[in-house]
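>>> Here you go, sequence then predicted model.
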There are 2 protein chains.
Amino acid sequence: MSETTRQIQLARRPRGAAAEGDFELVEAVLAPPAEGEALVENHFFSVDPYMRLRMSGDSSYFAPWPLRAALDGDAVGVVVSSRAAGLAPGDWVASQHGWCERFVAGAGEMRSLGEPPAGHDHGAFLGVMGATGLTAYVGVCDIIVPRPGESIFITTAAGAVGSVAGQISRLLGARTIGSAGSDAKVRSVTERYGFDAAFNYRTRSTRRALGEFAPGGIDGLFDNVGGRQLEAALDAMAIGGRIAKCGAASGYDTPIAPPGPRNLHHFFGKRLTMRGFLVSDHHDRRPEFERRMRGWLAAGTVVADETRAHGLEAAVPTFLGLFDGANLGKTIVDLAG
Amino acid sequence: MSETTRQIQLARRPRGAAAEGDFELVEAVLAPPAEGEALVENHFFSVDPYMRLRMSGDSSYFAPWPLRAALDGDAVGVVVSSRAAGLAPGDWVASQHGWCERFVAGAGEMRSLGEPPAGHDHGAFLGVMGATGLTAYVGVCDIIVPRPGESIFITTAAGAVGSVAGQISRLLGARTIGSAGSDAKVRSVTERYGFDAAFNYRTRSTRRALGEFAPGGIDGLFDNVGGRQLEAALDAMAIGGRIAKCGAASGYDTPIAPPGPRNLHHFFGKRLTMRGFLVSDHHDRRPEFERRMRGWLAAGTVVADETRAHGLEAAVPTFLGLFDGANLGKTIVDLAG
């Protein structure tokens, strides 16, 4: 007997900000698992700002999502039935088959998961133990490479990646400065995530805040937003500064991108390096990352927050909410709740 | 008896484009050489676009030139009299004591020069064998690191640095594409400097030209100008592209810098790296550079052009002409002529 699933599909490509009407919740029939495949029940999947780029048809480096077909994205679930060697019912697996309740796929599209860290469920493999944690780890440890006493500025410091990037920087001995979009988030950045300083970029000049918190200049920048904060940070960079660029949320949903920073001349004057990266290129760093992150979580030296939405119906409003700046930490859709 | 010199001084700091009235030619008395010092007669000195930044008082990383005092800049001259061990009359030396006819300084401020390459005089140590050649070498060999068959785009390809950077890239096996600001320069770029393709960025869309000459994308960019050409090049970069940034001439003399590239999101999507550098950080690369460049010049595989102006009075108009785009190759003031 064939199983069915409910899944979110893209109904049309948005212009400007995405809206509910761009998506549709549909029921689909799943073919029974063939040899080498398994049926998986998703427990969690991830909604991320970069997915806005996949909604457009003109991206040269992210494959655009198809219209009226299954979408993809990070997901964590449990094997229900299996015709694949090495996968048994009850096994927890990570996959790219998000935005749906269940799916059938080959074993090569799944990665078996170990136990979650103490105090966490398997949803952590979408967040601090998953792509967002690894993004923070690669950006800080491989690109910024903070030296003890250096000042590191992290935009979206209350976000899934930024909050972890700041905590890793601090563990490496750096002074950490974060920006966030509300006073409540700013409090979380210093009180929960232990940044040395933080400010609300909506109510305070980034330039003035950096002048106060890093009078000797910024040695590292973990930039998730671009735009005006990047421009101000370039002015504040110290000689030899390093910039890890893993997002540009300030331009994700605007059909005409805002002007870029006027001060790229700092690159040669200050001998700056900016390197963009996608975590998907850095799976080789996962074993070291998982080992160290498990240790930090066990010791309580890294704190990770999640915003959880419940049920497939909540996925689209939750995704859209990412651009309102309402969420703290990693945003996950919990299908079991 | 004390010697005198004529020297160019900065009379006032320009706003916007520099002008003749910002400079003054004055006569100065030189103290006789003290123990460890020498008197040097300059034969050549260099005028460079970056000097515009030194005319302003607000640069955070270039020491601003003082008002009404000796300026500095690359110079090559001959020792006239010496009280310094290791410096004898007739020795050729490089120094930072440009913009003047003669000067007295300590031996530590001079570097003894070997013979110039065949077919060149000692002025070459300001150009292809000096800071501009080394800038091209470091930018290409250490930052872009072209692999055979890759496409490298070089802005200001008819300029002192760009023309050499393109020739080095080609010697490393890359396809080279250059932009320049006149049809005559474009011809030099392909016919004299051997680029595979070149175009006039004033009359042709950089975006369209790159689409035609590098349909598979640009793997390396040697960017001396920033601005719109950088924006178009970012759109054309291939995944994993590297950008060497050694200047931003398009914003040197504008009090309000033009908007920067709107498309820095390419940095993470395409995993780009941009690194700014100043040649003054890379003197350790000089021995390898001089050895290889002598070989290339001797074999005729690198061609270097110079624009020479004659006499101290020509220095200021020649410097100002750098921003009109009139010069080909390295611009040198020849005091002996």
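Received the coordinates, thanks.
>>> After the helix or strand hosting residue A:178, which helix or strand is next? Please name it.
Element membership of residue A:178 [criterion: DSSP states H and E] is strand A:175-180. Using DSSP H and E, the helix or strand that follows strand A:175-180 towards the C-terminus is helix A:183-187.
>>> pLDDT (mean, whole number) over that following helix?
Average pLDDT, helix A:183-187: 95.
>>> Now do the buried residues in that helix.
Neighbour-count burial for helix A:183-187, counted by 16 or more other C-beta atoms under 10 Å in any protein chain shown, picks out A:185, A:186. C-beta coordinates here come from the backbone N, C-alpha and C atoms, glycine included.
>>> Give me the contact list for it.
For helix A:183-187, the external contacting residues (C-beta atoms under 8 Å, 6 or more residues apart in numbering or on different chains) are A:157, A:158, A:178, A:180, A:198, A:199, A:200, A:203, A:325, A:328.
>>> The helix or strand following that helix pairs with which strands, and in what direction?
For helix A:183-187, the following helix or strand on the C-terminal side (DSSP H and E) is strand A:197-200. According to DSSP bridges, strand A:197-200 forms sheet pairs with strand A:175-180 (parallel).
>>> coming back round to it: how far is the strand holding residue A:178 from where the chain is centred?
18 Å (C-alpha atoms, centre = their mean, to the nearest Å).
>>> For it, which outside residues touch it?
Counting by C-beta under 8 Å, 6+ apart, A:149-159, A:162, A:166-167, A:169-170, A:186, A:188-190, A:193-201, A:206, A:209-210, A:213-214, A:218, A:229 sit against strand A:175-180.
>>> and if we set it to 7 Å?
A:151-158, A:162, A:166, A:169-170, A:186, A:189, A:195-201, A:206, A:213-214, A:229 (C-beta atoms under 7 Å, 6 or more residues apart in numbering or on different chains).
>>> Pull the number of nearby residues for residue A:4.
11 (other C-beta atoms under 10 Å in any protein chain shown).
>>> quick one: it and residue A:27 touch, right?
Yes. The criterion here is C-beta atoms under 7 Å, and residue A:4 meets it with residue A:27 at 5.7 Å.
>>> got the residues of the stretch 151-300 of chain A near chain B?
Contacts of the stretch 151-300 of chain A with chain B, taken as C-beta under 7 Å from any C-beta of the partner chain, map to A:226, A:239, A:245-248, A:251, A:257-265, A:267-278, A:281.
>>> For ChimeraX, write a command that selects the buried ones of those.
Selection command for ChimeraX covering only the buried members of these, criterion 16+ other C-beta under 10 Å:
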select /A:226,245,246,247,248,251,257,260,261,262,263,264,265,267,268,269,270,271,272,273,274,275,276,277,278
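>>> Filter the contacts of helix A:183-187 down to just the buried residues.
A:157, A:158, A:178, A:180, A:198, A:199, A:200, A:325, A:328.
>>> quick one: which helix or strand includes residue A:274?
strand A:273-276.
>>> Give the rounded mean pLDDT of that strand.
The model assigns strand A:273-276 a mean pLDDT of 96.
>>> do the same with stretch A:112-128
93.
>>> Could I have the CA atoms of stretch A:206-217 written out in PDB?
In PDB, the C-alpha atoms belonging to stretch A:206-217 read as follows (Å, rounded to 0.1, in the frame of the first residue of the first chain):
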ATOM      1  CA  THR A 206      27.000  50.900  14.100                       C
ATOM      2  CA  ARG A 207      29.900  53.300  13.600                       C
ATOM      3  CA  ARG A 208      29.600  54.900  17.000                       C
ATOM      4  CA  ALA A 209      29.000  51.600  18.800                       C
ATOM      5  CA  LEU A 210      32.200  50.100  17.200                       C
ATOM      6  CA  GLY A 211      34.200  53.200  18.100                       C
ATOM      7  CA  GLU A 212      33.100  52.700  21.700                       C
ATOM      8  CA  PHE A 213      33.400  48.900  22.000                       C
ATOM      9  CA  ALA A 214      36.500  48.400  19.800                       C
ATOM     10  CA  PRO A 215      38.500  51.600  20.000                       C
ATOM     11  CA  GLY A 216      41.600  49.800  18.700                       C
ATOM     12  CA  GLY A 217      39.700  48.500  15.700                       C
END
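>>> got the CA positions of the lowest-mean-pLDDT helix or strand in chain A in CSV?
Least confident helix or strand, chain A: helix A:266-269 with a mean of 86, by mean pLDDT, DSSP states H and E. Presented in CSV, the C-alpha positions along helix A:266-269 are these (Å, rounded to 0.1, in the frame of the first residue of the first chain):
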residue,chain,number,x,y,z
HIS,A,266,40.0,50.0,2.9
PHE,A,267,40.8,46.5,1.5
PHE,A,268,44.1,47.5,0.2
GLY,A,269,44.9,50.3,2.7
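>>> now the helix or strand containing residue A:164: how far from the chain's centre is it?
Using DSSP H and E, residue A:164 falls within helix A:160-171. Centroid separation for helix A:160-171 versus its chain: 12 Å, with C-alpha atoms, centre = their mean.
>>> now swap in stretch A:121-132 and tell me
Here stretch A:121-132 is found 10 Å from its chain centre; the criterion is C-alpha atoms, centre = their mean.
>>> With stretch A:173-183 instead?
Stretch A:173-183 has its C-alpha centroid displaced from the chain centroid by 17 Å (C-alpha atoms, centre = their mean).
>>> Tell me the buried residues in that stretch?
A:174, A:175, A:176, A:177, A:178, A:179, A:180, A:181, A:182.
>>> cool, stretch A:23-32 as well?
Applying 16+ other C-beta under 10 Å to stretch A:23-32 flags A:23, A:28, A:30 as buried.
>>> ok, so what distance separates the spatially most central residue of chain A from residue B:278?
Computing the C-alpha centroid of chain A and ranking residues by C-alpha atoms, centre = their mean puts residue A:132 first, at 4.2 Å. Residue A:132 is 36 Å from residue B:278, where distance means C-beta to C-beta, to the nearest Å.
>>> where does residue A:221 land in three-state SS?
Recorded secondary structure, residue A:221: strand (DSSP: H, G, I helix; E, B strand; the rest coil).
>>> hang on, isn't it packed against residue A:235?
No. Applying C-beta under 7 Å as the test, residue A:221 and residue A:235 come out as separate, 11.4 Å apart.
>>> The residue lying closest to residue A:171 once chain neighbours are set aside and residue A:294, how far apart?
Excluding the flanking residues, the one nearest residue A:171 by C-beta to C-beta, 6 or more residues apart in numbering or on different chains is residue A:301, at 6.1 Å. Look at residue A:301 and residue A:294: by C-beta to C-beta, they are 12 Å apart.
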